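Peer 1: model this:
(chains A and B)
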Amino acid sequence: MHEFNEPFVTAWQLVAAADARLAGIVGLSLRVSLVATLIACIVGMPIGALLAVGRFPGRRVLIVLFNGLMGLPPVVVGLLVYLLLSRAGPLGQFGLLFSPSAMVIAQAVLVTPIVAALTRQVIADEWTEYREQLRSLGASRSRAAATLLWDGRFSLSTAALAGFGRAIAEVGAVMIVGGNIDGVTRVMTTTIALETSKGDLPLALALGFILIAVVLAINAVAYALRGWAERRWG
Amino acid sequence: MITRRLFCSALAAAGLLAATASQAQERFITVSSTTSTEQSGLFGHLLPAFEKASGIKVRVVALGTGQALDMARRGDADVVFVHDKVAEEKFIAEGFGVKRQEVMYNDFVVIGPKADPAKAAGKDILEGLRRIEAAKAPFVSRGDKSGTHAAELRYWKAAGVDLAAKKGAWYRDTGSGMGPALNTAASMNAYILADRGTWLSFKNRGDLGIVVEGDTKLFNQYGVILVNPAKHAHVKQADGQKFIDWIVSPEGQKAIAEYKIGGEQLFFPNAGR
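Peer 2: Reported below is the predicted structural model:
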């Protein structure tokens, strides 16, 4: 039983001590994953809406593609972004490798298909419901897509949360493009991987509990905000 | 209309990215190094001292030696700090490094079950490996082209064990770093070749202990190399050289010698000797 109790105690001690390094690591995790999710929403939501209401050749292929890309392996995305940003790569001159920006790019690539595919599903359902109405108002398809995106904004928060969950939990991509540099690109998941490597399993698990708690808190806040916004503007 | 909106979205995305980028404008160099120097805590001890002396931050990316050298070949590091002389000399010969300087050494140890079912205990690394193979006792290999992996393969060869022919279920090629490989060995109660530094700072030991140590063949030399600015123009030559000069200086060498875990010295400075 000792093995399973220790991490809880360690996690509690870390939080209680308000460790500045831990706070920095948690902060960087949140910053990177939130910005990546925001970018993924800005790019992915319009794509998802256009896939739902649009009619153009290759649409079905694109839908399958985005659905499939939800399963992108993080380590492959990491490797691709690494090769792009490496000094020997096409975007090498910007010197972005091993920086938080590189981690944001990798996570945005990873999360965009998730946001796009989930958005498409939400908007497609709305489209079946409001299609005639929007048509009779003479709305163009792009206008209809924009209207439905706005109309479905509360349901779409789930797509954003799913994307965020993926981003903050992955380790493969940020490890490769960030390099797990102490104080610069070390985030929660790479710290957990590092402590596991050092054989400090209780500390690794304790950090894992803290990560889960942070993700739960974010979801609770999002849920409360959504309820409040729906009552206010819904 | 749509294109304008997409353009705005792209702008917003780029702006967000720039916002995360703008924070890091400090003076730093990037060092590609090995998991043994990072995970043993040596860098955590050395770098603050160097930073204080020079005002230069050091960003360490810890990989296996093979990967660390490849990272530098691509131009993604200013300095390499690794432990595989053969691979390092090849790196210099290819023109990627300016000059190799020796910094310090530690030693490899064979870790294994305290009960030692293969009777490999002793001082002779080659005899120990022969006995492990003869007993077909589980042996965990890094299998990741790291400096430790390269050393392990050299010892098997020197011991006259033809791995290609003798490899069986007893030889587990894990393709992982030193820590993960030790975790695997601990859970399988297997033998493994490890560097002493990582072993001393490793916590999840299970029933394992040191089986073979003290053979002069187990000597593990670390070298430091400045990446050649002629190959990669953006290499921070001046600051990288400052780091190298410091680490081989009496001050840097003293800092290395002072690093201890549980009273035991992990690395032995030997620059310029």
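Peer 1: Report whether stretch B:224-243 contacts chain A.
Peer 2: Yes: residues of stretch B:224-243 contacting chain A under C-beta under 8 Å from any C-beta of the partner chain: B:His232, B:His234. Placement of C-beta: from N, CA and C, glycine included.
Peer 1: CA-only coordinates of that stretch, as PDB, when you get a sec.
Peer 2: Taking C-alpha atoms only, stretch B:224-243 is exported to PDB below (Å, rounded to 0.1, in the frame of the first residue of the first chain):
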ATOM      1  CA  VAL B 224      33.500  18.600 -25.000                       C
ATOM      2  CA  ILE B 225      33.400  20.000 -28.600                       C
ATOM      3  CA  LEU B 226      32.500  23.400 -30.100                       C
ATOM      4  CA  VAL B 227      30.300  23.000 -33.100                       C
ATOM      5  CA  ASN B 228      32.200  24.200 -36.200                       C
ATOM      6  CA  PRO B 229      30.900  27.800 -37.200                       C
ATOM      7  CA  ALA B 230      32.200  27.100 -40.700                       C
ATOM      8  CA  LYS B 231      29.500  24.500 -41.100                       C
ATOM      9  CA  HIS B 232      26.800  26.400 -39.200                       C
ATOM     10  CA  ALA B 233      27.300  30.100 -39.300                       C
ATOM     11  CA  HIS B 234      24.800  30.800 -36.400                       C
ATOM     12  CA  VAL B 235      26.800  28.800 -33.800                       C
ATOM     13  CA  LYS B 236      27.500  31.100 -30.800                       C
ATOM     14  CA  GLN B 237      31.300  30.600 -31.100                       C
ATOM     15  CA  ALA B 238      32.500  33.100 -28.500                       C
ATOM     16  CA  ASP B 239      30.000  32.100 -25.800                       C
ATOM     17  CA  GLY B 240      30.300  28.400 -26.600                       C
ATOM     18  CA  GLN B 241      34.100  28.700 -26.300                       C
ATOM     19  CA  LYS B 242      33.700  30.500 -23.000                       C
ATOM     20  CA  PHE B 243      31.800  27.500 -21.600                       C
END
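Peer 1: Check the gap between A:Arg153 and B:Gly252 for me.
Peer 2: 58 Å (C-beta to C-beta, to the nearest Å).
Peer 1: is chain B contacted by the longest helix seen in chain A?
Peer 2: Longest helix in chain A by number of residues (criterion: DSSP state H): helix A:100-136. Yes: contact of helix A:100-136 with chain B (C-beta under 8 Å from any C-beta) involves A:Pro100, A:Ser101, A:Val104, A:Ile105, A:Ala108.
Peer 1: about what we covered before: A:Arg153 and B:Gly252: which is more packed in?
Peer 2: Of the pair A:Arg153 and B:Gly252, B:Gly252 is the one with more neighbours under other C-beta atoms under 10 Å in any protein chain shown, namely 22 against 17.
Peer 1: Contacts only, for that one.
Peer 2: B:Leu46, B:Ala49, B:Phe50, B:Trp246, B:Pro269, B:Ala271 (C-beta atoms under 8 Å, 6 or more residues apart in numbering or on different chains).
Peer 1: Show me what secondary structure element comes after the least confident helix or strand in chain A by mean pLDDT.
Peer 2: None of the helices or strands of chain A scores lower by mean pLDDT, DSSP states H and E than helix A:2-16, at a mean of 81. Next along the chain after helix A:2-16, taking DSSP states H and E as the criterion, comes helix A:20-53.
Peer 1: quick one: that following helix to helix A:100-136, angle?
Peer 2: Counting by axes from the mean of the first three to the mean of the last three C-alpha atoms, to 10 degrees, helix A:20-53 points 30 degrees away from the direction of helix A:100-136.
Peer 1: now helix A:20-53 and helix A:2-16, what's the angle there?
Peer 2: 90 degrees.
Peer 1: Do I have it right that B:Gln241 meets B:Leu226?
Peer 2: Yes: assessed by C-beta atoms under 8 Å, B:Gln241 is found in contact with B:Leu226 at 5.9 Å.
Peer 1: So between the two, which is more surrounded?
Peer 2: The neighbour count for B:Gln241 versus B:Leu226, taken as other C-beta under 10 Å, is higher for B:Leu226 (23 against 16).
Peer 1: Am I right that the more buried one falls within a helix?
Peer 2: No: looking at B:Leu226 with DSSP: H, G, I helix; E, B strand; the rest coil, it is strand, so not inside a helix.
Peer 1: Need phi/psi at the closest residue to it other than its chain neighbours.
Peer 2: Using C-beta to C-beta, 6 or more residues apart in numbering or on different chains and skipping residues adjacent in sequence, the residue nearest B:Leu226 is B:Val98, 4.5 Å away. Backbone geometry at B:Val98, expressed as degrees, to the nearest 10, gives phi -80, psi -50.
Peer 1: contacting residues around B:Val98?
Peer 2: B:Ile92, B:Ile225, B:Leu226, B:Val227, B:Asn228, B:Pro229.
Peer 1: Need the nearest residue in space to residue 201, chain neighbours excluded.
Peer 2: In the absence of a named chain, chain A is used. B:Asn204 (5.5 Å).
Peer 1: let's do chain B instead
Peer 2: B:Ser40 (4.8 Å).
Peer 1: Quick one: residues contacting that neighbour.
Peer 2: B:Asp195, B:Gly197, B:Thr198, B:Leu200, B:Ser201, B:Ile261, B:Leu266.
Peer 1: per-residue confidence for residue 151?
Peer 2: With no chain named, the answer covers chain A. In this model, A:Asp151 is scored at 90, pLDDT.
Peer 1: Switch to chain B, please.
Peer 2: 95.
Peer 1: A:Gly234 too?
Peer 2: Value for A:Gly234, per-residue pLDDT: 68.
Peer 1: hang on, the earlier thing: can you put the residues of helix A:100-136 next to chain B in CSV and add neighbour count and pLDDT?
Peer 2: Output for the residues of helix A:100-136 next to chain B, formatted as CSV (neighbours: other C-beta atoms under 10 Å in any protein chain shown; pLDDT from 0 to 100):
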residue, neighbour count, pLDDT
A:Pro100, 23, 96
A:Ser101, 27, 96
A:Val104, 30, 98
A:Ile105, 24, 97
A:Ala108, 29, 98
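Peer 1: before we move on, back to that, which strands and helices sit next to the longest helix of chain A?
Peer 2: helix A:20-53, helix A:59-69, helix A:74-85, helix A:141-151, helix A:153-169, helix A:172-178, helix B:2-21 (3 or more C-beta pairs under 8 Å, 6 or more residues apart in numbering or on different chains; DSSP states H and E).
Peer 1: got the angle between the first one and helix A:59-69?
Peer 2: Orientation note: helix A:20-53 sits at an angle of 160 degrees relative to helix A:59-69 (the same axes, to 10 degrees).
Peer 1: now the angle from helix A:20-53 to helix A:141-151?
Peer 2: 140 degrees.
Peer 1: List the buried residues in helix A:20-53.
Peer 2: Applying a neighbour-count criterion of 16 or more other C-beta atoms under 10 Å in any protein chain shown, one finds A:22, A:25-26, A:28-53 buried in helix A:20-53.
Peer 1: That helix - what's its average pLDDT?
Peer 2: 95.
Peer 1: measure A:Ala17 to A:Leu62 for me?
Peer 2: From A:Ala17 to A:Leu62 the distance is 50 Å (C-beta to C-beta).
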